[in-house]
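A.B. asks: Predicted structure and sequence below. I'll ask about it afterward.
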Amino acid sequence: NMELRTKKVLTNVGLAVWFFFAGVEYAVIIPTAWLYVESLGGDKFFFGMMFSSFSAAGLVSGILFGIWADRVGKTKWIVIFANLWAIAGNLLYSVGISKYLILVSRLLSGAGAGVGSAIFAQLTHTSANEERTRIFSSFIAMRMVGIMIGPGLNFFLRLCDFYIGPIKIDAFTVPGLFMAILTALLQIYMVFFLFDLPHIDNQPENISPSGTAANKKEEEMQNSTSFSFVEENSTVSQETLTEQKGVSLGTHENNLAQLDQSNEMSRNAGTSASNQRPRDSVHTCQSNVHSTTAESLEFYKTASLGNIQNGGAEVHKDFTSQSDDGHASNKWQSSVSEVKDGITGSDDNGESLREVTQASENPPFLTLLSDVVREETVVLLALTLCVMFNQTAVETVLTPITEAVFGWGEKENSIFFICAAAEMVICMMAIGCISKKIQDRTIILGGLLISCFNLAWLLVFMTNKYDPSRLPYFLVGFGMQILSIAPVFISTASLFSKVTDIRIQGFCHGIRRGVGSIASIIGPLWGGATVRIWNVSIGVLIAMVGFVLVLVLLSFGRLKDPHVPGEQDRSDGTPTLA
């Protein structure tokens, strides 16, 4: 059998390559997409539809793939299935028969890209909380490396000019064929070398983050101690009753009275425990079971046999024969069975405590969804929307601004994007290093402050009129823009995985990526519509970042990992919309 360490390395390599190819696809398709659509009779509106269709399909498929991953607890074949959609979409893109076929191809590719939610769930389940930010930053950085290398590949792909049967492969269609081949090769690797790694139990017994680590540990100790003790004593008691000889006999009435009194105490304790319904954690009910059985154990320990004298003679006698009507035997067997099964009482409606416990351990899906609408999760989703809207809007206006102000062409813009991607990779690597020393919420706050400053800088020093002397101000402003996006984006994703329920990580990451997809759709629309009114465009971005900054400051006490001892200072886990 392959060692776990080797499986983890091979799996991480496969997932890293997946993120790298996602960046390459963006970099090789987008530069020629407009000319491709235009050559097939499409206008700018249709190009916007095609550009947005990728994000829209990813929004829907990301949630579905996330729910699927949560249900089965594995991601290997989900990723392989999603790659088939990506391969089909890229092959259709390379056909080039109709503009509507291009639209369908981008929808299919976007649907395949939605599996990122399941991949992030896998990374969440297989990484410890303290290293989550570093791992997320490493994989997201691979996508940026792909974006950085992609423009260089275009210099070679644009030279292609040949036929595959009736299909012409040229500078417009070759990106689809190129990505289909790369994804197919990755698919072969994933079939043989991608594994479903065992989950790291960051949250004992998969409870909601609202429970503290100390309580969880105490409940686990109660669970192990109580039931092992019951099993041991019940087994020893029965064997001793039927096999041990030389036991002295005593008064029959005293023994029955002791048995009746102990059983009545056990039933009363069980009824009292069953009336204590679980509140914030499903383990409340379980801890009630354990405490009740612990109180009842003394009877099974001491009343298993009686030391009874009968004329100085020691005679072996079955304990069950001490009862004239069989009640003692029935009570003994019933009590042992109840404790071994974990049932110690019933509520007013006759519902057994075991049934309540089982229902609490597997709460309905809609109950788990309430974990996504708590204050801290809503703030993190607002952060995701803001940072993605900010990034895509700025990317949209970047090319027209550089052309109008500096007279840049395709070559200058390509060099600038390569440098920007390199800076992003360096920032992500730095965040991975400092995440062990600094909390995610502090990194987020720092990124938002930098974002406010750099947007104000661009508003003051930049214009949309030709003025090459403003190049230094432009480089400083957009350099700080990149510096602010990386820490907010990565730390938000990492913290979101820590404050949401471990049982629905796929769905939660689907929601988070879906919010990012919505921002990726409306961001370019806003940037394109306001490219000629620079002050309005940047002013709205400043207002959005300022609003989210206020939300972060107001909820700063809740934006922390609830599973780390000493960091759980939330008053409760009550959903915001409850």
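C.D. replies: Perfect, thanks for sending it.
A.B. asks: Number of residues surrounding the nearest residue to residue 171 once chain neighbours are set aside?
C.D. replies: Leaving aside its chain neighbours, residue 171 sits nearest to residue 158 (4.2 Å; criterion: CB to CB, 6 or more residues apart in numbering). (Glycine included, C-beta is placed from N, CA and C.) A total of 16 residues lie near residue 158 under the criterion other CB atoms under 10 Å.
A.B. asks: likewise residue 200?
C.D. replies: 14.
A.B. asks: And for residue 59?
C.D. replies: Residue 59: 22 surrounding residues under other CB under 10 Å.
A.B. asks: any idea how far residue 389 is from the closest residue to residue 161 other than its chain neighbours?
C.D. replies: Using CB to CB, 6+ apart and skipping the chain neighbours, the partner closest in space to residue 161 is residue 170 (5.4 Å). Here residue 170 is placed at a distance of 35 Å from residue 389 (CB to CB, to the nearest Å).
A.B. asks: Pick out whichever of these two has more residues nearby.
C.D. replies: residue 389 (25 against 18).
A.B. asks: who's in contact with the more buried one?
C.D. replies: 519, 522-523, 526, 541, 544 (CB atoms under 8 Å, 6 or more residues apart in numbering).
A.B. asks: per-residue confidence averaged over the helix or strand hosting it?
C.D. replies: Using DSSP states H and E, residue 389 falls within helix 375-405. In this model, helix 375-405 has a mean pLDDT of 89.
A.B. asks: Skip ahead from it and say which helix or strand is next.
C.D. replies: helix 410-434.
A.B. asks: can you pull the buried residues of that following helix?
C.D. replies: Across helix 410-434, burial judged by 16 or more other CB atoms under 10 Å covers 413-414, 416-418, 420-421, 423-425, 427-428, 431-432.
A.B. asks: tell me what it is packed against?
C.D. replies: Packing contacts for helix 410-434, counted by 3 or more CB pairs under 8 Å, 6 or more residues apart in numbering; DSSP states H and E, involve helix 132-157, helix 375-405, helix 471-499.
A.B. asks: Could I get those helices in JSON lines, plus columns for distance to residue 514?
C.D. replies: Output for these, formatted as JSON lines (distance: least, CB to CB, whole Å):
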{"stretch": "helix 132-157", "distance to residue 514": "17"}
{"stretch": "helix 375-405", "distance to residue 514": "9"}
{"stretch": "helix 471-499", "distance to residue 514": "13"}
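A.B. asks: So which of those helices is nearest residue 530?
C.D. replies: Using CB to CB as the measure, helix 375-405 is the one of the helices and strands packed on helix 410-434 that comes nearest residue 530, at 7.6 Å.
A.B. asks: quick one: buried residues of the closest one?
C.D. replies: Neighbour-count burial for helix 375-405 [16+ other CB under 10 Å]: 375-399, 401-402, 404-405.
A.B. asks: Quick check: which ranges of the stretch 401-550 of the chain have low pLDDT?
C.D. replies: Judged against pLDDT under 70, the stretch 401-550 of the chain has no low-scoring part.
A.B. asks: if I pick residue 523, what's in contact with it?
C.D. replies: So residue 523 contacts 388-393, 396 (CB under 8 Å, 6+ apart).
A.B. asks: closest to residue 142 among the residues you listed?
C.D. replies: residue 391 (17.8 Å).
A.B. asks: OK, contacts around that closest one?
C.D. replies: Residue 391 touches 485, 523, counting by CB under 8 Å, 6+ apart.
A.B. asks: ok, now residue 18?
C.D. replies: Contacts for residue 18 (CB under 8 Å, 6+ apart) come out as 79, 119, 186.
A.B. asks: so what's residue 167 bridging to?
C.D. replies: Beta bridges link residue 167 to residue 164 when assigned by DSSP bridges.
A.B. asks: isn't it right next to residue 94, touching?
C.D. replies: Yes: Residue 167 lies in contact with residue 94 (CB atoms under 8 Å); the separation is 7.1 Å.
A.B. asks: Give the residues shared as contacts by those two.
C.D. replies: Residues touching both residue 167 and residue 94 by CB under 8 Å, 6+ apart: residue 173.
A.B. asks: between those two, which one's more packed in?
C.D. replies: residue 94 (21 against 14).
A.B. asks: could you list every residue that touches the residue nearest to the more buried one when sequence neighbours are not counted?
C.D. replies: Of all residues not flanking residue 94 in the chain, residue 176 sits nearest, at 3.5 Å (CB to CB, 6+ apart). By CB under 8 Å, 6+ apart, the contact set of residue 176 is 29, 90-94, 105.
A.B. asks: and if we set it to 7 Å?
C.D. replies: By CB atoms under 7 Å, 6 or more residues apart in numbering, the residues touching residue 176 are 90-91, 93-94, 105.
A.B. asks: Equivalent analysis for residue 51, please.
C.D. replies: With CB under 7 Å, 6+ apart, residue 51 has these contacts: residue 524.
A.B. asks: if you set the cut-off to 8 Å instead, what comes out?
C.D. replies: Residue 51 neighbours (CB under 8 Å, 6+ apart): 33, 106, 524.
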